[in-house]
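1. quick one: sequence plus predicted model below, questions after.
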Amino acid sequence: WIRLYDLGLSNATLAEAATWRGVEIRRIPYESLPLHLGRDSVWMVAWKPWVVLEALRDGGYRNVLWIDANAEVRQPLHKVRRALREDGYFFTTAGHLFPTEKTVRPATLHD
């Protein structure tokens, strides 16, 4: 199964995604979340841990594999599945250094 979280997709994109087999679309309930997780702060990505926690709690999943929308899966996921099954986690590098103003609130980077 793939769970697709709607961060503000267009109606056309949502309609297209609704036709994909094995994909469940979830709306993020911005109105019931703290402001730093809100729609106006989507670019700050603070909602990512919430999505993982929500999948573990509400979805009944033991493991969650997060793949960002800008990521490309270029080979079978056998090694990833094995790591999740045996270790309970799988990490990889992001390809750039952290933190940056793109990944944290700008004030975090300054004294």
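-> That came through, no problem.
2. got the end-to-end distance for stretch 15-28?
-> Stretch 15-28 has an end-to-end distance of 17 Å (C-alpha to C-alpha, to the nearest Å).
3. helices of the chain, residue ranges please.
-> Secondary structure of the chain (DSSP state H): helices located at 11-17, 47-58, 78-87.
4. residue 35 - how many residues pack around it?
-> Here the number of neighbours of residue 35 (other C-beta atoms under 10 Å) works out to 10. Every C-beta, even on glycine, is put in place using the N, C-alpha and C of the backbone.
5. from residue 66, how far out is the closest residue to it other than its chain neighbours?
-> Nearest residue to residue 35 in three dimensions, chain neighbours excluded: residue 41, at 7.1 Å (C-beta to C-beta, 6 or more residues apart in numbering). According to C-beta to C-beta, to the nearest Å, residue 41 and residue 66 sit 19 Å apart.
6. give me the more crowded residue out of those two.
-> Set residue 41 next to residue 66 and count neighbours by other C-beta under 10 Å: residue 41 wins out with 16 against 11.
7. average pLDDT across stretch 24-44?
-> Mean per-residue pLDDT for stretch 24-44: 79.
8. actually stretch 76-96, sorry about that
-> Stretch 76-96 comes out at a mean pLDDT of 86.
9. before we move on, the earlier item: closest one to residue 99 among the helices of the chain?
-> Closest to residue 99 of the helices of the chain is helix 47-58 (C-beta to C-beta; 14.3 Å).
10. what segments of the protein are strands?
-> 2-6, 23-27 (DSSP state E).
11. counting by contacts, list what the last one packs against.
-> Put plainly, it is strand 23-27. Strand 23-27 sits against strand 2-6, helix 11-17, with contacts defined as 3 or more C-beta pairs under 8 Å, 6 or more residues apart in numbering; DSSP states H and E.
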